[in-house]
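Enquirer: Structure for this input, please:
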Amino acid sequence: MVRFTVIVAGVSLLSPSLNAVAQQSSETEALDPIVVTATLGPKTVGESLSSVTVIDEADIQRQQPTEFRDLLRGQPGVNLASEGGYGKTTSLFLRGAGSSGTVMLLDGIRLRSGTAGIPPWQFLPADLMGRVELVRGAKSSLYGADAVGGVVQAFTLEPDADRQGWAEVTGGSHETRETNVGVAGRVGQTSYLASGLYSDTDGTNLRSGGEDKGFRNAGGLAKLSHRFEQGGGAGLTVFQSEGNTEFEGGDTDFTIRAVGLYLEAVASDYWRTRIQFSESRDEQETFGSYPSTYNSLSRSARWDNTLTAGSHELVLGSEVMVDEVDGSDDFTETSRTNTAVFGQGRLNFGPTELMLSLRLDDNEAFGKEETGGIAFGHQFDRAHRVRVSYATSFRAPTFNDLYLTTPFYTGNPDLSAEQGQMVELGFSGRYASWFWDVAVYQNDVDDLITYVSDPVTWQGTMENIETARIRGVELSSGYETGSWDLVAALTYADSENRDTGARLPRRATKNLRLDADRQFGEWSVGASLIAESDRYNDPENTSLLPGYGTVDLRAAWNFMPGWSASFKVDNVLDRRYTTSQGSDSVTFEPFDYLAPGRTYMASLRYDFSR
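Expert: Alright, predicted model coming up:
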């Protein structure tokens, strides 16, 4: 089941090593899950102080997502706005923060477009993911720029001790086809995994009366890691997703690539040190009415040192990140460097915990930014806990904001970073087979970076002119037995532009997600209900998009040793709905981007076991 857990604020430059810790803990996860994204090291739920949703490999296999973003729809604090299905542009709003106000990590490697500042949610193959942790709340004191609403970290597949390889074929509506193969194993202390997939679909019509717009994706993953006898280890991860997506007015060739190398050593009983080098690329070339090329490259090096004294822990570290961009449009600057030092302290006094975090970023483009956080938690008994936290955050202006120059747009190099302050209060109860959690929060964001245009010359630029207040309530509950997995999540969020009184665009006020799965011997069946209230498409609140609800059904059958078949019907009621609008390239009239209607998918899989 999708488990709601609570985790302490901290930095996770992920690591394959931390991923391995999470995997090794699978036998005890049901009692006290280990999560790694919100701290500088793995912590259990009993040590946690902020809000997280965990989607593990079993959840991913049960839900049979067509796209990675399907896993995030309707989760607590999440709003998605997309320009259609199957690889179309997607924005994620976490706790109401802007689409560039959420950090996306893939095995600890940061993914985003350096030009637009938005992660490539629509281009990540779900079949290469083994776990997702969604951390809600301001986390800049741990992750630096852009962690205003929180952090989403995807962990790629890990070698399974009982599985040597797999092969899977999938087909369904809209001429959708996919092939997925992989091999994995362990030799002594060394583990390896290689997986590749290819998917192709004719897609659906993105607007009423429009033509189907297709999507093609080829993805690959390679991992190699070795654990040292004395503790620590080393590892390498290589990930790539490339293909083509069609849209109204053209199509885009894309390449997303991430490479990470880490080395971890145990210096003494009280000191563990770790260094990580990573590189990520986001390259997109667009053809059609408005051809363009935008490429971005990010390289980083990070050093973490963990010191322990009894039950107390101190983490000290530093990080250097260099961003580079180029494209068909002109940029007055094409690179910038960010250096940072950070620290986290976790003090444990029996049932009471205190977490302190502090980070200083120095960016050559927009100057220095200091962020911090403090969190307090108290365990009343084995089941019940209260937590309260306060944290600051900032969103860095992108290369487009600062340096892009076109005939109708000039970047503003004098922009300041957006500033956020979030406070949260939460209560939780965890029992033998069920849990509940409620969180109340408010985030005040100043100096919002906003597009402004001269009404005479139509020349546009970006300015720090607005403030926003985002506050809400998140409720989660779940029940798990040997045969039933039930999860419910309800979110209410009020996001307001304090200068105009309008709601922030493309954010729904209310979200609901219900997941139910039942095991019958070799069979399993399940359903998901996702509902969202209305939202405005524009900042002025003149274009209202109605709310919607969808129902998805699924089933799986392990009919022979190693063999399994799965079936699903998404959007059973064939609801055609929209979460964003576009404008016609000729008439400039607005139109709704339509989500796919009812779709059918079936898969056949074979796992090679030891």
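Enquirer: didn't Val266 look like it was pressed against Arg227?
Expert: No: assessed by C-beta atoms under 8 Å, Val266 is found out of contact with Arg227, at 11.2 Å. To be clear about C-beta, it is placed using only N, CA and C from the backbone, and glycine gets the same treatment.
Enquirer: Geometric centre of this protein: which residue is closest?
Expert: Against the mean C-alpha coordinate of the chain, by C-alpha atoms, centre = their mean, the closest residue is Val152 at 3.0 Å.
Enquirer: Quick one: residues contacting it.
Expert: Listed by C-beta atoms under 8 Å, 6 or more residues apart in numbering, the contact partners of Val152 are Leu72, Leu92, Leu94, Thr102, Val103, Met104, Leu105, Pro119, Val132, Glu133, Leu134, Val135.
Enquirer: Pull the number of nearby residues for the nearest residue in space to the third one that is not next to it in sequence.
Expert: So that's Leu94. Excluding its sequence neighbours, the residue lying closest to Leu94 (C-beta to C-beta, 6 or more residues apart in numbering) is Gly149, at 3.5 Å. Neighbour count of Gly149, defined by other C-beta atoms under 10 Å: 32.
Enquirer: partner strands of the helix or strand hosting Gln153, parallel or antiparallel?
Expert: Per DSSP states H and E: Gln153 is located in strand 150-156. Using DSSP bridges, strand 150-156 pairs in its sheet with strand 102-106 (parallel), strand 129-136 (antiparallel).
Enquirer: Which among the ones you listed is found nearest to Thr37?
Expert: Closest approach to Thr37 among the strands paired with strand 150-156 (C-beta to C-beta): strand 129-136, 4.0 Å.
Enquirer: got the buried residues for the closest one?
Expert: Buried residues in strand 129-136, counted by 16 or more other C-beta atoms under 10 Å: Met129, Gly130, Arg131, Val132, Glu133, Leu134, Val135, Arg136.
Enquirer: What separation do you get for Thr179 and Glu168?
Expert: As judged by C-beta to C-beta, to the nearest Å, Thr179 and Glu168 stand 7 Å apart.
Enquirer: Neighbour count for these two, which is higher?
Expert: The neighbour count for Thr179 versus Glu168, taken as other C-beta under 10 Å, is higher for Glu168 (18 against 14).
Enquirer: Assign a three-state SS to that one, would you?
Expert: Assigned by DSSP: H, G, I helix; E, B strand; the rest coil, the conformation of Glu168 is strand.
Enquirer: what's the answer for Asn400, then?
Expert: helix.
Enquirer: is it true that it touches Ser100?
Expert: No: using C-beta under 8 Å, Asn400 is not in contact with Ser100; the gap is 10.0 Å.
Enquirer: pLDDT below threshold where in the chain?
Expert: In the predicted model, the chain carries pLDDT under 70 at residues 1-33, 40-41, 44-47, 161, 610.
Enquirer: run the last query once more with 80
Expert: Along the chain, the parts satisfying pLDDT under 80 run over 1-48, 160-163, 454-458, 585-588, 609-610.
Enquirer: can you pull out the helices in it?
Expert: 16-24, 57-63, 140-143, 399-403 (DSSP state H).
Enquirer: Can you give the contact residues for the last one?
Expert: To tie it back to what came earlier, the one meant is helix 399-403. Residues contacting helix 399-403 (C-beta under 8 Å, 6+ apart): 114-117, 296, 323, 325, 331-334, 336, 365-366, 411-413, 415, 449, 462.
Enquirer: From Gln61, how far off is the residue nearest to the centre of the chain?
Expert: Relative to Gln61, Val152 is positioned 20 Å away (C-beta to C-beta).
Enquirer: what's the answer for Gly250, then?
Expert: Distance from Gly250 to Gln61, by C-beta to C-beta: 36 Å.
Enquirer: contact partners of stretch 348-355?
Expert: 8-10, 47, 49, 311-312, 344-347, 373-380, 389.
Enquirer: can you tell me which of the residues you listed are in strands?
Expert: 312, 344-347, 373-379, 389 (DSSP state E).
Enquirer: Just name the closest of those residues to Ser140, please.
Expert: Nearest to Ser140 among those is Gly373, at 8.4 Å by C-beta to C-beta.
Enquirer: Beta-bridge partners for that closest one, please?
Expert: Counting by DSSP bridges, Gly373 is bridged to Ser357, Ala391.
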